[in-house]
Structure formats: C-alpha cells, structure tokens
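[1] With the sequence up front, the predicted model follows.
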Amino acid sequence: MNKIRVFCVDDNFVARRGLRSVLESESDIEIVGEASSGSEALKRLQGCIADVVLMDIRMSDIDGIEATSLLLQQNPEARVLMATVVEDSRVHMNAMLAGARGYMVYGHFIPESLIAAVKAVASGQRVNIPPLPEEAVFAPVESEGNELTQREVEIMKLIAAGKDNREISGALNIEEKTVKNHINNIYSKLHVTTRQEAIYFMLNRMLRDKPQE
C-alpha cells in the first residue's frame, strides 16, 4: 500500500511536533520532511516528493500564502493544506486564490479531522474547516451585465467542492449533457475557460467587493 507523503511547514516547533505526532499514528501516512519557514520549505521541497504540504500562514520570512504561490510555480502538481490559527475569511480566500486545496483553523478540528483532511486533499478533494460563508462566496456574480442563474450558482458550488460532471449530474438530478451546457454558459458569462478560473473569478469578485475591516 502506497503511503501518503506529507511535508510539514510551521515556524512553531511544538506545532510541527504535534502535527507529526497525529499523522504518524496513521499507518498509511508518512512524514517526509519539515521546515520552519516558507523559504526553507521551498528549498527542501525541490528535492522531496510530497503528496500533501501542510502549510502555516504566519511565518517570519515568506508567509504561507506567498510560499504556496511560489511552490505551485515550482511544482504545479503540489497539494497544499493550510493549518493555521488565522480565522479570517479574506485570508482564507487569499489562500485559495494562491492555490491551496484546503484551509483548517486550529480550534475547529480534532486529530481525526486533520487525518481525514490530509487524505481528502491527497485524493484531490478540497477541505475548508470552518467553511467560507456560502452566501458570501457564491452570491450571484455579474460580468459585463451577465448574472449567473440560481442553477449556475448551484453548479459552481459543486465545482468548487471538486465534483466532476457526473457527480454534479447525480447531485442535481439532471442530465450530464445539461451540466455541460450550464458550465459552458458559466464560462461564457465569466469570460473564463476552466473550472479553476471560474472559481478564481468568483473569489476575486468577493475580495474586491467586500469592505475592508
């Protein structure tokens, strides 16, 4: 059985030890390395194969969001799961825009949740604990006068959850061909060509419109 290879990045030694302790209790998870800063992580990950990178946000040199963006430029296949004390929807969205597959806030999850999240991200799913406010991120979006319909918003929610066309078809009880038609309409309205670009468009609109605190 192939183990899930995890690399831990946190400038707090105790936090790294805690993450390592929880994950190493699972027979199908292996810790392949760790780093205490974003820059150190980028160097070490050049010669290390990891399925999931557990990334802190607040670090002394390069923060976790910038490190995630640079890591994905270095390795587009990398899967990053944020583990942080920062409970802020704007930071959460910025992490997603940088390419993180998941975001977990300490105090909102237990060890079993962490293990489940690592396995989910390794398999290509997205994890958000706590979740972003659905009504904020997926409010109807306008692009040059074109507003997404309620059905298109529902489909965007499922796309953001990592569902493929077949799964969306089953969840909404509509034909897969109808799903494809809706997605094409979404792309046309938002002037994008991929699922990721559509998600980024909606998050960017939310970031632009949300008042600064």
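    Cool, got the structure.
[2] Quickly note the distance from residue 18 to residue 158.
    As judged by Cβ to Cβ, to the nearest Å, residue 18 and residue 158 stand 34 Å apart. Every residue, glycine included, has its C-beta placed from N, CA and C.
[3] which residues does the residue nearest the centre of the chain contact?
    Taking Cα atoms, centre = their mean, the centroid of the chain lies closest to residue 101, which sits 2.3 Å from it. Residues counted as contacts of residue 101 (Cβ atoms under 8 Å, 6 or more residues apart in numbering) are 79-81, 121, 124-127.
[4] Mind putting those into JSON lines with secondary structure?
    Below are those laid out as JSON lines (DSSP: H, G, I helix; E, B strand; the rest coil):
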{"residue": "79", "secondary structure": "coil"}
{"residue": "80", "secondary structure": "strand"}
{"residue": "81", "secondary structure": "strand"}
{"residue": "121", "secondary structure": "helix"}
{"residue": "124", "secondary structure": "coil"}
{"residue": "125", "secondary structure": "coil"}
{"residue": "126", "secondary structure": "coil"}
{"residue": "127", "secondary structure": "strand"}
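[5] ChimeraX command to pick out the buried ones of the residues you listed?
    In ChimeraX, a selection of the buried entries from those looks like this (16 or more other Cβ atoms under 10 Å):
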select :79,80,81,121,126,127
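[6] which of the contacts of residue 101 lies closest to residue 67?
    Relative to residue 67, the closest of those is residue 80; by Cβ to Cβ it sits at 8.6 Å.
[7] if I look at that closest one, how far off is residue 42?
    From residue 80 to residue 42 the distance is 12 Å (Cβ to Cβ).
[8] okay, and the common contacts of these two?
    In terms of Cβ under 8 Å, 6+ apart, residue 80 and residue 42 are both contacted by the residues residue 71.
[9] so where is this structure shaky, pLDDT-wise?
    Scanning the chain for pLDDT under 70 picks out the ranges 1, 132-146, 161-162, 203-213.
[10] Surely residue 71 forms part of a helix?
    Yes: if the criterion is three-state DSSP, then residue 71 is within a helix.
[11] follow-up on the earlier one: so which of the contacts of residue 101 is the closest to residue 12?
    Looking across those and measuring by Cβ to Cβ, the closest to residue 12 is residue 81, at 16.6 Å.
[12] Over to the closest residue to the closest one other than its chain neighbours: give its phi and psi.
    Using Cβ to Cβ, 6 or more residues apart in numbering and skipping residues adjacent in sequence, the residue nearest residue 81 is residue 102, 4.1 Å away. The phi/psi pair for residue 102 (degrees, to the nearest 10) reads phi -160, psi 160.
[13] can I assume residue 102 is in contact with residue 82?
    Yes: counting by Cβ atoms under 8 Å, residue 82 is a contact partner of residue 102 at 6.5 Å.
[14] Between these two, which has more neighbouring residues?
    residue 82 (27 against 23; other Cβ atoms under 10 Å).
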